[in-house]
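Asks: next one to model:
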Amino acid sequence: MTSIPAAAALLRQASDRSSIASFIVMDVMRAAAAREAAGHKVIHMEVGQPGTAAPKAARDAVKRALDSDALGYTLALGMPELRRRIAGLYRTWYGLDLDPARVVVTSGSSAAFVLGFLAAFDAGAKVGLPSPGYPCYRHVLSALGQKPVILETTAATRWMPTLEQIETAITRDRLAGVLIASPANPTGTMLEPARLAAIASSCRARGVWFISDEIYHGLSYGLPDHTALQYSDDAIIINSFSKYFSMTGWRVGWMVLPERLIAPVERLAQNLYISPPAIAQVAAIGAFDGIDELEANKRVYRANRDVLLAGLPDCGLDTLVPADGAFYLYADISRFTTDSLIFARQMLEETGIAATPGLDFDEARGGRYLRFSYSGTTADMADAVERLRGWARLSG
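Replies: Have a look, this model is predicted:
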């Protein structure tokens, strides 16, 4: 017979659903912070967040609200004014007339993915994900009892899945959904409008949910941004104020949903989150009045991208797909190593540059890649190139 203490010990174990992998970039951030605390200069190219604050208009709106507003619970789907402003963005950016009732404000895009996955997929459902890709997609799906299906991409297809690849996976793996980010993390590449249209239309025709992560819209440097809503009114759109709007720590994002998902998502949001943070929503409303400042930030990212595209090849990092958008470059380091974890650790210790191992984004092939974020200052990007140019690990 099992003793009571032994049985109690079994009850104290964590759930199987919690046994997901770490988000490696957060581990790199911790190591970089420790190095800074020890008095060393660190160039932060690991984390995907703007080095700038929220726009002044957002911060001013918060100041006013702190003096005059109780800032209590809002509606579960968000403040009506913010939902209207977000709908207006689709008219400005894409020429679409979007009903604000289809907009759902969330506690960052992270909450949007949880809500979207729960509303669209039952336990055990399979969802196709390009690889390399944002690791939290597969981690959240796994934690919810759903099954990520990896769609390997290559530089030859600009790190994006092809229509044929997706259609094959839908049939072979019986996918319930497909999720694609464009511009993508970690590569910065984008789906061309024709491929986006074909994939969105194919998913709809086959009864498969298409989730379009558009969190880096507003940050493109060649191809214009195209939302999946331009090609399928049935797509689930995820976006956030974190990247273009420079508001990562405010934790406010949004979804655009087909009408039949609005009520299910509202019920889930009421129970899981009650409402998004009121103060963050106030800041987001104000951010729409800071577009000139945000466009100035974007010009800095473009300059940073140019510095790295010109300088990294001189450092031996010459296998790059020039990024269409976001603020990342995905570098092939296979001539130096097949262990990007150790390589990134050595680079931080010996050059003071923090970057993210490709293993965060591609469990099978990521040991041969490193992601550089260029969301900091142009001076830091130039300094990083000089440090890498003199690093013995690259030149030896």
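Asks: do a quick rundown of the helices in the stretch 251-396 of the chain.
Replies: 259-272, 278-287, 291-311, 340-351, 378-389, 392-395 (DSSP state H, counting those that start in this stretch).
Asks: now do the contacts for residue 105.
Replies: 77-79, 82-83, 86, 252-254, 276, 281, 284 (Cβ atoms under 8 Å, 6 or more residues apart in numbering). No exception for glycine: its C-beta is placed from N, CA and C like everyone else's.
Asks: which of those lies closest to residue 393?
Replies: residue 253 (38.0 Å; Cβ to Cβ).
Asks: what about residue 139, helix or strand, and which?
Replies: Here residue 139 sits within helix 135-143, counting by DSSP states H and E.
Asks: hang on, residue 233 in a helix?
Replies: No - counting by DSSP: H, G, I helix; E, B strand; the rest coil, residue 233 is not part of a helix but coil.
Asks: looking at this structure, which helix or strand is least sure?
Replies: Lowest on mean pLDDT, DSSP states H and E among the helices and strands of the chain sits helix 4-11, with a mean of 62.
Asks: against residue 376, how distant is the closest residue to residue 35 other than its chain neighbours?
Replies: The shortest distance from residue 35 to any non-neighbouring residue, by Cβ to Cβ, 6 or more residues apart in numbering, is to residue 42 (5.5 Å). Per Cβ to Cβ, to the nearest Å, residue 42 is found 11 Å from residue 376.
Asks: possible to save the contacts of residue 105 as TSV with distance to residue 262 and neighbour count?
Replies: Formatted as TSV, the contacts of residue 105 follow (distance: Cβ to Cβ, whole Å; neighbours: other Cβ atoms under 10 Å):
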residue	distance to residue 262	neighbour count
77	8	25
78	12	24
79	16	18
82	16	26
83	11	22
86	14	24
252	19	29
253	16	25
254	13	26
276	16	29
281	18	24
284	20	29
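Asks: return the member of those residues nearest to residue 365.
Replies: residue 253 (29.3 Å).
Asks: please list all residues in contact with the closest one.
Replies: Counting by Cβ under 8 Å, 6+ apart, residue 253 has contacts 105-112, 215, 238-242.
Asks: more neighbours, residue 42 and residue 376?
Replies: residue 376 (22 against 18; other Cβ atoms under 10 Å).
Asks: sorry, back to before: least confident of the helices of the stretch 251-396 of the chain, on average?
Replies: Within the helices of the stretch 251-396 of the chain, confidence is poorest for helix 392-395, with a mean of 76 (mean pLDDT).
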